[in-house]
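S.K.: sequence unknown, structure follows:
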């Protein structure tokens, strides 16, 4: 095997290409997508010119429908829609599984924040708007109107929750250990 350089990343990719071409392909596709996003120009468009995407997937797998159901349930207060509405949206996505994964992250952040912040129904809808905004990269200044309705630390707490791979606000549990049960 010849690696294109002595760079550790290049060697690892070459090994992966040989040993697990399926993983290698996914990594390369992700790299290409990120590169395309970096080089894409952002511009404002008139909302009236946007058209709904066509249905790209006639059916979604049962396992994915279960995940959509959990997202829907978790976001019921912040973004109330029917199961049919959610499924229809994911059927129109190019990669519905990837999109469901993103929504799962938003839903878990919404659930975690709503548990630590103790908000009213209206504030929960505002919190959802902030969580979605932060997850989409919206600037804090653009959310000031909504943030005024939430606790002063809302933006920082929401950002911390979204950026953390594990819940930053968790329950203190005593873990079970091996040994006699009292």
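M.R.: Yes, it's here. Everything quoted here is computed from the prediction, not taken from an experiment.
S.K.: going forward, measure contacts between C-alpha atoms and count neighbours the same way
M.R.: Fine.
S.K.: Tell me where the protein is predicted with low confidence.
M.R.: 1-5, 179-182 (pLDDT under 70).
S.K.: List the buried residues of the top helix by length along it.
M.R.: Once the chain is assigned using DSSP state H, the helix that runs over the most residues is helix 96-117. Under the neighbour-count criterion of 16 or more other CA atoms under 10 Å, helix 96-117 has 96-97, 100, 103-114, 117 buried.
S.K.: What segments of this structure are helices?
M.R.: Under DSSP H, the chain gives helices at 8-19, 21-38, 62-74, 83-91, 96-117, 121-135, 144-147, 154-163.
S.K.: distance between the second one and the chain's centre?
M.R.: Relative to the centre of its chain, helix 21-38 is centred 18 Å away, using CA atoms, centre = their mean, to the nearest Å.
S.K.: For that helix, name the packing helices and strands.
M.R.: helix 8-19 (3 or more CA pairs under 8 Å, 6 or more residues apart in numbering; DSSP states H and E).
S.K.: Okay, angle between the helix it packs on and helix 21-38 too, please.
M.R.: 130 degrees (axes from the mean of the first three to the mean of the last three CA atoms, to 10 degrees).
S.K.: Closest to the centroid, which residue in this protein?
M.R.: residue 102 (2.5 Å; CA atoms, centre = their mean).
S.K.: any idea how far that one lies from residue 71?
M.R.: 10 Å (CA to CA, to the nearest Å).
S.K.: Ok, residue 112 next?
M.R.: For residue 112, the distance to residue 71 - CA to CA - is 13 Å.
S.K.: just to revisit the earlier point, pick the most buried one from the helices of the chain.
M.R.: Of all these, helix 121-135 has the most neighbours on average by mean count of other CA atoms under 10 Å, namely a mean of 20.
S.K.: Just give me how far that one sits from the chain centre.
M.R.: A distance of 14 Å separates the centroid of the chain from that of helix 121-135, by CA atoms, centre = their mean.
S.K.: angle of that helix against helix 96-117?
M.R.: Going by the same axes, to 10 degrees, helix 121-135 makes 130 degrees with helix 96-117.
S.K.: can you list contacts of helix 121-135?
M.R.: 77-79, 106, 109-110, 114, 139-140, 143, 146-147, 149-150, 154-155, 158-159, 162 (CA atoms under 8 Å, 6 or more residues apart in numbering).
S.K.: now stretch 54-61
M.R.: With CA under 8 Å, 6+ apart as the criterion, stretch 54-61 contacts 87, 88, 91, 92, 93, 94.
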